[in-house]
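Asker: Provided below for reference: sequence and predicted model.
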Amino acid sequence: MSSGLVLIDKPSDWTSHDVVAKLRKIAGTRRVGHAGTLDPMATGLLLLGINSATKLLTFLVGEDKTYFATIRLGAATVTDDKESEFTSIADAGSVKKITIAEIETALDSLRGEIQQVPSSVSAIKVDGERAYAKVRSGDEVKLAARPVTISKFQVLDGPRLVTENEKSFLDIDVVVDCSSGTYIRALARDLGSALSVGGHLTALRRTRIGSYSIDQAQTLDGLTPETLSVLDISEAAKQQFPVRELSEQDVVYLRHGKRLKAAGEGAEPFAGIDAAGNLIAMLTVSGKDVKSLVVFNTDEGAGTDD
């Protein structure tokens, strides 16, 4: 099986690890990993690396992402989504009088560079234990706020009045462009809090990671070794990262752990590509030099298993 990226449209109720396990069977290799976990409830784009492309995933985890979501205003939950019990429910009168202008004002406070407290039911470790495990054990978890950037937080549809079990809620559909590490569940929680009615997530779909789009993704239904589409590791790197074209001497230097002279590259990682179009290394600027972050073997960069 060739080395490269596989873009999967993850179905609901599958964990990211479930998808990895499925792909290992289809690809016939255990060298499969993913970049950017999706909750079981969520659907959408999951990036997976096969064979040597697992080394590329490190550089993809931190890319910006796009999500489409449905937020329910009028109730808060333990997990900040629909998968757990309510912790508070607003009265119908307070919910029904919320205007789109008030929602927009609250959204504006959650745009740009903000300090976000992650959802308590998350994979963040607290005293050596995952936060979600502590919450499920009945412990109170308080996580520190962390900086995230919300480039877009926009209402696409709504608010819609919804009645369930004789309780009234408002649903809004939103699109979010955000930095890595953003919790969309926490945005739903904080939007509800800003409106003093509580809020939680009822649907979530990821459609973009960096330059990779859900339009490139495959579904798991009926996927076989014959129908599996693998984006060649070199093409995957060229799609996402700036490229430095390498001479034969550059390739020799990199393979021997030597540095190259910088040529005006930016601070972000970039791909070193040889004359044949193969990915040789992921590179970064260090002072006046360029150093390798990871070097691929010739057959790795060419997209074949080593």
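Answerer: Structure received.
Asker: Quick check: beta-bridge partners of residue 147?
Answerer: residue 115 (DSSP bridges).
Asker: any idea how far it lies from residue 108?
Answerer: Plainly put, residue 147 is 18 Å away from residue 108 if you go by CB to CB, to the nearest Å. Using the backbone N, CA and C atoms, a C-beta is placed for each residue, glycine as well.
Asker: same deal with residue 150?
Answerer: 10 Å.
Asker: shaky segments in the stretch 151-300 of the chain?
Answerer: The stretch 151-300 of the chain contains residues with pLDDT under 70 at 298-300.
Asker: Which helix or which strand is home to residue 79?
Answerer: Under the criterion DSSP states H and E, no helix or strand holds residue 79.
Asker: surely it meets residue 188?
Answerer: No: Residue 79 is beyond contact range of residue 188, at 10.7 Å (criterion: CB atoms under 8 Å).
Asker: Now for the two: what residues contact both?
Answerer: Counting by CB atoms under 8 Å, 6 or more residues apart in numbering, the contacts common to residue 79 and residue 188 are residue 200.
Asker: Settle it for me: which of the two has more neighbours?
Answerer: residue 188 (29 against 22; other CB atoms under 10 Å).
Asker: I'd like to know how far that one sits from residue 179.
Answerer: Counting by CB to CB, the gap from residue 188 to residue 179 is 17 Å.
Asker: Need the phi and psi values for the nearest residue to residue 289 once chain neighbours are set aside.
Answerer: Spatially, and ignoring its direct neighbours in sequence, residue 289 is nearest to residue 259 (4.1 Å; CB to CB, 6 or more residues apart in numbering). Dihedral angles phi and psi of residue 259 (degrees, to the nearest 10) take the values phi -100, psi 160.
Asker: For the stretch 101-250 of the chain, which segments count as helices?
Answerer: For the stretch 101-250 of the chain, the helices defined by DSSP state H, counting those that start in this stretch occupy 131-136, 184-194, 233-240, 248-255.
Asker: For the longest one, buried residues please.
Answerer: Neighbour-count burial for helix 184-194, with 16 or more other CB atoms under 10 Å as criterion, is recorded at 184-192, 194.
Asker: could I have that helix exported to PDB, CA atoms only?
Answerer: Only the C-alpha atoms of helix 184-194 are listed here, as PDB (Å, rounded to 0.1, in the frame of the first residue of the first chain):
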ATOM      1  CA  ILE A 184     -17.000  24.000  19.100                       C
ATOM      2  CA  ARG A 185     -19.000  22.600  22.100                       C
ATOM      3  CA  ALA A 186     -17.400  25.300  24.200                       C
ATOM      4  CA  LEU A 187     -18.500  28.000  21.700                       C
ATOM      5  CA  ALA A 188     -22.100  26.700  22.000                       C
ATOM      6  CA  ARG A 189     -21.800  26.700  25.800                       C
ATOM      7  CA  ASP A 190     -20.400  30.300  25.900                       C
ATOM      8  CA  LEU A 191     -22.900  31.600  23.400                       C
ATOM      9  CA  GLY A 192     -25.800  30.300  25.600                       C
ATOM     10  CA  SER A 193     -24.100  31.800  28.700                       C
ATOM     11  CA  ALA A 194     -23.700  35.200  27.000                       C
END
